[in-house]
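>>> sequence plus the predicted model coming up.
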Amino acid sequence: MKEILELLESDAMLTPGRIAAMLGRDEEEVAGIIKEMENNKTIMGYFTLVNWDKLGSEKVNALIEVKISPQRDVGFDAVAERIYRFPEVRSVMLMSGAYDLAVMIEGDTMKEVAHFVSFKLASMEYVLSTATHFVLKTYKQHGTILNDGEEDRRQVIVP
Amino acid sequence: MTLKTNWADMVNPTVRDIPPSGIRRFFDLVTEVKGVISLGVGEPDFVTPWHIREACLYSLEKGYTMYTSNHGMLELREEIARDIHNTYKVNYNPRNEILITTGVSEGLDLAMRTLLCRGDEVLIPEPSYVSYAPCATLAGGKPVYLKTSVENGFQLTADLVEKAITPRTKVLLLSYPNNPTGATIDRKHLLEIAEIAVARNLIVVSDEIYDKLTYVGEHTCVSSLPGMRERTILLNGFSKAYAMTGWRAGYAAGNSDFISAMTKIHQYTMLCAPITAQIAALEALRNGRSEMRKMIAQFNRRRRLVMDALREIGLPCFEPRGAFYAFPEISSAGLTSDEFAKQLLKEEKVLVVPGNAFGEQGEGFVRCAYAASEADLNEAFRRIGSFIKRRLGRRKVLTFTIGKPEQIPEQTREGLVVGSSQ
Ligand SMILES: Cc1ncc(COP(=O)(O)O)c(C=O)c1O
């Protein structure tokens, strides 16, 4: 099961047939396992890793450190939920250390992101402070180096 | 008038008479063709894991650019001794029973030169790696081939060894997992061979460079068998398991008197293995296990894909259990290994190595290295499929993707199995 997930995580286009061949298992069995993991939401979806820079896209990404005061019974979760429900928010993580939530935001312009932070995030109840860091360049995402210069340098034939 | 030196006449006849490498021969052919998918490469397609490269960069920054001891860095020898002990429960003293070499290649050469007197016979399984016979010959020895066959899964048997022994036999070379066949050898066979080695006082040189690339069953280290530690020179290295071919690092382990004799040659001809490679090897042994496992898991997946693809195409292939080679039988195409490889290259731009490059016994086979990306493997075997289909003169359309046996109609599959002549 773990092996199937690892393969799919590295390439969501892999068909059950190919996965079965790679793992020396039966195709129907693999298809069944995948279906089940989709049903019980172990597999949450299949995405494409896009290097938007190639399109000259001007999308703006920012990491926002958010400090919040935890609430009785629900801790940080209730505030986190209010934040992650905004579609502009790409990811939200509870962190140890100097701040509480790491929030990744994507917007079309810097102004749009700034607007979101000041009007939606910073002004939210229980949010104590925010610090916004704009992303200047993405080198690696989801374990993939975006502009990898390491092509095959082997000679065509060797012992 | 100045006499022109004829350099060809200056070459030592022993060197002159060594035939050119059957693999190298193809090199020129390939460089002329564009868009070739190469399954001819005997090295991992992975780049050395980053933590190993980074450790070496750091050492360079710190100024580690000098000679090491002739034996190699003691820390590395200690780490190697630990690794052999942990894996095979065999103990070597890192101080005098291990020599760091520039790859198994040097270890092999040193072992042969240290062992052989003119005319001593070296038993070499065939098919096998291209360096064994030339190294034996250059050292003054005489290669004697033990013909393993596909029926036996290319395993050496005690019987083959026994029959080849003469009063001049001194060395038995073992090489499992095997290049080019991907064969491994059962413990049972090895035990029987070991018994003969002891009874007939043979020295065993065991090239176990692919030991970690064993996918089915467990690798048995020759020196772990009863009575074998004292008569075995164990050769191993970092090229394959850690994707470190270009670094040039390996080692020989064995009897201390013999290791010190090997060191004598090493000291005067190589001085020491490159310090960069030794530092990288040290990092590989200390922290490389998880990256290595990942690479091996990937090889294993590709191995299954390739077996599947060959089944679909109808080329019989015994299951390779180690290394990263498949060795399908191609005689059903009505071509020799050489013709097969040449025409496949010309017509389909896929490069495989003709089996006879690894000795006569490899005739009728080709070596396909699956050290290539899955996409390349998929495309390569699609091309090999159409090549075979043309050879067999079938009109049925054969479309397949690796790993999807059900897409091929049953009759087509049947029709392509060996024996269906042209
Ligand atoms: C069986 C075998 N032994 C030794 C070597 C050479 O290894 P090294 O890089 O350690 O010199 C190879 C390389 O292809 C090999 O296949």
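Nice, thanks for sending it over. Everything numeric here is computed off the predicted structure, so don't read it as measured data.

>>> near chain A, which residues of chain B?
B:21, B:23-24, B:26-27, B:30-31, B:36, B:38, B:40-43, B:45, B:47, B:129-131, B:179, B:245, B:301-302, B:304-305, B:308, B:351, B:353, B:401-404, B:406 (CB under 8 Å from any CB of the partner chain). Placement of C-beta: from N, CA and C, glycine included.

>>> mind jotting down where the strands sit in the chain?
Answering for chain A, as no chain was given. A:60-68, A:89-94, A:101-107, A:127-134, A:140-141, A:144-145 (DSSP state E).

>>> let's do chain B instead
Going by DSSP E, chain B shows strands at B:37-38, B:98-101, B:121-126, B:142-147, B:169-174, B:203-207, B:232-237, B:250-253, B:325-326, B:350-351, B:353-354, B:366-369.

>>> quick one, what contacts the residue most central in space within chain A?
Centroid-nearest residue in chain A: residue A:91, 6.4 Å away (criterion: CA atoms, centre = their mean). Residue A:91 makes contacts with A:102, A:103, A:104, as judged by CB atoms under 8 Å, 6 or more residues apart in numbering or on different chains.

>>> what number of residues lie near the last one?
Read that as residue A:104. 15 (other CB atoms under 10 Å in any protein chain shown).

>>> now do it, the pLDDT please.
Listed pLDDT for residue A:104 reads 97.

>>> and it, how far from chain B?
Computed as CB to the nearest CB, to the nearest Å, the residue A:104 to chain B distance reads 25 Å.

>>> also residue A:144?
In terms of CB to the nearest CB, residue A:144 sits 14 Å off from chain B.

>>> surely that residue meets residue A:49?
Yes. Using CB atoms under 8 Å as the test, residue A:144 is close enough to residue A:49 to be in contact (5.8 Å).

>>> now do the same contact list for the residue of the stretch 251-400 of chain B found nearest the ligand.
Ranked by CB to the nearest ligand atom, the top residue of the stretch 251-400 of chain B for proximity to the ligand is residue B:323, at 7.3 Å. Residue B:323 makes contact with B:177, B:178, B:179, B:182, B:210, B:213, B:240, according to CB under 8 Å, 6+ apart.

>>> hmm, try it at 6 Å
B:177, B:179, B:182, B:210, B:213 (CB atoms under 6 Å, 6 or more residues apart in numbering or on different chains).

>>> so what's the residue count around residue 140?
No chain was given, so I picked chain A. 10.

>>> try chain B instead
14.

>>> next one: it from residue A:103, what distance?
74 Å (CB to CB, to the nearest Å).

>>> before we move on, back to that, okay, the residue nearest to the centre of chain A: pLDDT?
So, for residue A:91, pLDDT stands at 96.

>>> and if you look at the one 5 residues further on?
Residue A:96 carries a pLDDT value of 95.

>>> next one: residue A:148
77.

>>> how many neighbouring residues does residue A:129 have?
10.

>>> ok, now which ones touch it?
Residue A:129 touches residue A:67, counting by CB under 6 Å, 6+ apart.

>>> the helix ranked longest in chain A near chain B at all?
Longest helix in chain A, counting residues (DSSP state H): helix A:27-39. No. Under the criterion of CB under 6 Å from any CB of the partner chain, chain B is not reached by helix A:27-39; the shortest gap measures 7.2 Å.

>>> roughly how far is that helix from the heart of the chain?
Relative to the centre of its chain, helix A:27-39 is centred 24 Å away, using CA atoms, centre = their mean, to the nearest Å.

>>> so what secondary structure elements neighbour it?
helix A:16-23 (3 or more CB pairs under 6 Å, 6 or more residues apart in numbering or on different chains; DSSP states H and E).

>>> same thing but 10 Å
Identification of packing neighbours for helix A:27-39 by 3 or more CB pairs under 10 Å, 6 or more residues apart in numbering or on different chains; DSSP states H and E yields helix A:2-10, helix A:16-23.

>>> now that helix: buried residues?
A:27, A:30, A:33, A:34, A:37 (16 or more other CB atoms under 10 Å in any protein chain shown).

>>> what about residue B:65, distance to chain A?
Residue B:65 is 24 Å from chain A, by CB to the nearest CB.
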